[in-house]
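*Asks:* Output the structure for:
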Amino acid sequence: MMRYKEEKEAKKEAFRKYLESSGVLDALTKVLVALYEQNEKPSSALEFVQQKLGGPTVSEYEKLQSELSDLQTKYNELLSKHEEICNELGELRNPNTSPPVKDNTTTTTDGEALKDEV
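*Replies:* Predicted coordinates for the structure are as follows:
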C-alpha cells in the first residue's frame, strides 16, 4: 500500500515538472493573475481564460465552424467539377472508345478517294 502511494506521488511530481518545464504553469498563473486583477469580473471566466491563452471566443468558434462548412461545400463542388472535366478530357484524348462510323469511301493506291456506288 505504501509503495502505491509513493508511485502515485512520483507520477504527480513528474507531471508537475513537465508542466513547469513546458511553460504551462507560468502561462496559467499569468492568466489567473490577470483575471484576479480585473476590476469588473467577466461574465464567463472560462472565456476569459480561453481568450487570454489564444483560443477563439464562442462566437468566433461558431463563425469558424460555419466558414469551415461553407468551404467544405465549395471544395466538394469543385472536386465534382474537376472529375467531370477529367472525364471529358479522357474522352477527348481517347476518341476510339466511341463506336466507329461506317464510311462508304475507299482509297486507291494513289491516295484518291472513291465512293462505293451501289
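*Asks:* What helix or strand is residue 20 located in?
*Replies:* Assigned by DSSP states H and E, residue 20 belongs to helix 2-21.
*Asks:* Please apply the same query to residue 50.
*Replies:* Secondary structure assigned from DSSP H and E places residue 50 in helix 45-52.
*Asks:* Just after that helix, pick out the following helix or strand.
*Replies:* Following helix 45-52 toward the C-terminus (DSSP H and E): helix 58-93.
*Asks:* What angle do helix 45-52 and that following helix make with each other?
*Replies:* 50 degrees (axes from the mean of the first three to the mean of the last three CA atoms, to 10 degrees).
*Asks:* Measure how far helix 58-93 is from the centre of its chain, please.
*Replies:* 12 Å (CA atoms, centre = their mean, to the nearest Å).
*Asks:* so how far is the helix holding residue 50 off the chain centroid?
*Replies:* Taking mean C-alpha positions (CA atoms, centre = their mean), helix 45-52 and its chain are 26 Å apart.
*Asks:* what's the average pLDDT for that helix?
*Replies:* In this model, helix 45-52 has a mean pLDDT of 89.
*Asks:* what are the C-alpha coordinates of the helix holding residue 20, in PDB please?
*Replies:* Taking C-alpha atoms only, helix 2-21 is exported to PDB below (Å, rounded to 0.1, in the frame of the first residue of the first chain):
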ATOM      1  CA  MET A   2       2.800   2.400   0.900                       C
ATOM      2  CA  ARG A   3       4.600   1.700  -2.400                       C
ATOM      3  CA  TYR A   4       1.400   2.600  -4.400                       C
ATOM      4  CA  LYS A   5       1.300   6.000  -2.700                       C
ATOM      5  CA  GLU A   6       4.900   6.600  -3.500                       C
ATOM      6  CA  GLU A   7       4.400   5.700  -7.100                       C
ATOM      7  CA  LYS A   8       1.400   8.000  -7.300                       C
ATOM      8  CA  GLU A   9       3.300  10.900  -5.700                       C
ATOM      9  CA  ALA A  10       6.200  10.300  -8.100                       C
ATOM     10  CA  LYS A  11       3.800  10.400 -11.100                       C
ATOM     11  CA  LYS A  12       2.300  13.700  -9.800                       C
ATOM     12  CA  GLU A  13       5.800  15.200  -9.300                       C
ATOM     13  CA  ALA A  14       6.900  14.200 -12.800                       C
ATOM     14  CA  PHE A  15       3.700  15.700 -14.300                       C
ATOM     15  CA  ARG A  16       4.200  18.900 -12.300                       C
ATOM     16  CA  LYS A  17       7.800  19.100 -13.600                       C
ATOM     17  CA  TYR A  18       6.600  18.500 -17.100                       C
ATOM     18  CA  LEU A  19       4.000  21.400 -16.800                       C
ATOM     19  CA  GLU A  20       6.600  23.700 -15.300                       C
ATOM     20  CA  SER A  21       9.300  22.900 -17.900                       C
END
